[in-house]
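*Asks:* Fold the stuff below for me.
(one chain, ligands or ions: 1)
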Amino acid sequence: DDLLQIAIDGPASAGKSTVAKLVAHQLGYVYCDTGAMYRAVTWAARKEGIKADDNAALEKMLKNLEISFKPAVDGQRVYVGHAEVTTAIRLPEIARSVSTIAAQVSVRKALTKRQQEIAANGGIVMDGRDIGTTVLPNANVKIFLVASVKERALRRYKENKAKGIVADLKQLEQEIAKRDYKDSTRAVSPLVQAVDAIKVDTTQLSIDEVVAKIMEIIQKKG
Ligand code: C5P
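*Replies:* Residues are numbered from 1 along each chain as shown. Here you go, the predicted structure:
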């Protein structure tokens with residue numbers, strides 16, 4: 001069997017990582033969370049005291065920045081060098097500056113190259129914002145996952161609550177909309193549906209339904 005490249009893009013909190021993980025598991029493929037890579041760069045920049053829009057300083061930092069994923073029973077762990085950053089990169093202060101970091105040309109260039117290397121041999125499900133358009137323009141299957149802002153905020157709210165984090169639903173909605181706007185309007189590789197991507201609206205669907213839908217698309221196209 002040929003090992004496929006599967007690209008899953010879409011706005012913040014549309015369920016990309018949850019669904020991509022499950023699809024990868026069903027296919028026996030590797031899952032790559034490119035958002036975690038941008039978040040890891042954001043974490044490292046904060047630690048080094050580098051401003052989120054300092055393209056040159058970020059370029060320099062990235063030369064020696066090792067970002068890695070390690071499988072674990074409770075999901076993937078994310079590392080920057082030897083430091084485990086799995087939970088740290090999910091904090092609100094990271095979410096607030098990641099879109100500025102991700103708009104820097106040097107950062108996009110460096111991470112795009114790394115992502116292309118990870119996906120080179122296929123057998124991969126990669127999720128992000130520009131996978132189908134820029135990172136893997138020849139991906140075998142491209143999915144564009146969307147859901148209403150209200151539904152995405154509500155999912156994030158429930159997720160936070162389960163983790164014991166109190167959040168304001170209206171504020172979550174505003175933060176998600178703001179990040180979508182920044183990601184969609186940036187100059188380099190903005191969030192946009194690839195012409196050959198298939199749109200899947202998850203607003204009214206359960207996780208299992210979304211996974212089934214994507215598996216069906218893969219079986220048809222693959
Ligand atoms: O997917 P996640 O919400 O963790 O991504 C965090 C941020 O990283 C996004 O809001 C976006 O600014 C950036 N990102 C990106 N390109 C990708 C993946 C993520 O610009 N391929």
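*Asks:* what's downstream of the longest helix anywhere in the chain, the next helix or strand?
*Replies:* Across the chain, the longest stretch assigned as helix under DSSP state H is helix 169-185. Next along the chain after helix 169-185, taking DSSP states H and E as the criterion, comes strand 198-201.
*Asks:* who's in contact with that following strand?
*Replies:* Residues from elsewhere that reach strand 198-201 (Cβ atoms under 8 Å, 6 or more residues apart in numbering): 141-147, 193, 210, 213-214, 217. Quick note: C-beta positions are derived from backbone N, CA and C, even for glycine.
*Asks:* Go ahead and produce PDB holding the CA coordinates of stretch 108-125.
*Replies:* The C-alpha coordinates for stretch 108-125 follow below in PDB (Å, rounded to 0.1, in the frame of the first residue of the first chain):
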ATOM      1  CA  ARG A 108       7.400  30.100   8.700                       C
ATOM      2  CA  LYS A 109      10.400  29.200   6.500                       C
ATOM      3  CA  ALA A 110      12.200  27.200   9.100                       C
ATOM      4  CA  LEU A 111       9.100  25.300  10.300                       C
ATOM      5  CA  THR A 112       7.800  24.600   6.800                       C
ATOM      6  CA  LYS A 113      11.100  23.000   5.900                       C
ATOM      7  CA  ARG A 114      11.100  20.800   9.100                       C
ATOM      8  CA  GLN A 115       7.500  19.800   8.400                       C
ATOM      9  CA  GLN A 116       8.300  18.900   4.800                       C
ATOM     10  CA  GLU A 117      11.100  16.700   6.100                       C
ATOM     11  CA  ILE A 118       8.800  15.000   8.600                       C
ATOM     12  CA  ALA A 119       6.200  14.200   5.900                       C
ATOM     13  CA  ALA A 120       8.600  13.300   3.100                       C
ATOM     14  CA  ASN A 121       8.100   9.600   3.200                       C
ATOM     15  CA  GLY A 122       4.300   9.700   3.600                       C
ATOM     16  CA  GLY A 123       2.300   7.800   6.200                       C
ATOM     17  CA  ILE A 124       1.500  11.000   7.800                       C
ATOM     18  CA  VAL A 125      -1.500  13.000   9.000                       C
END
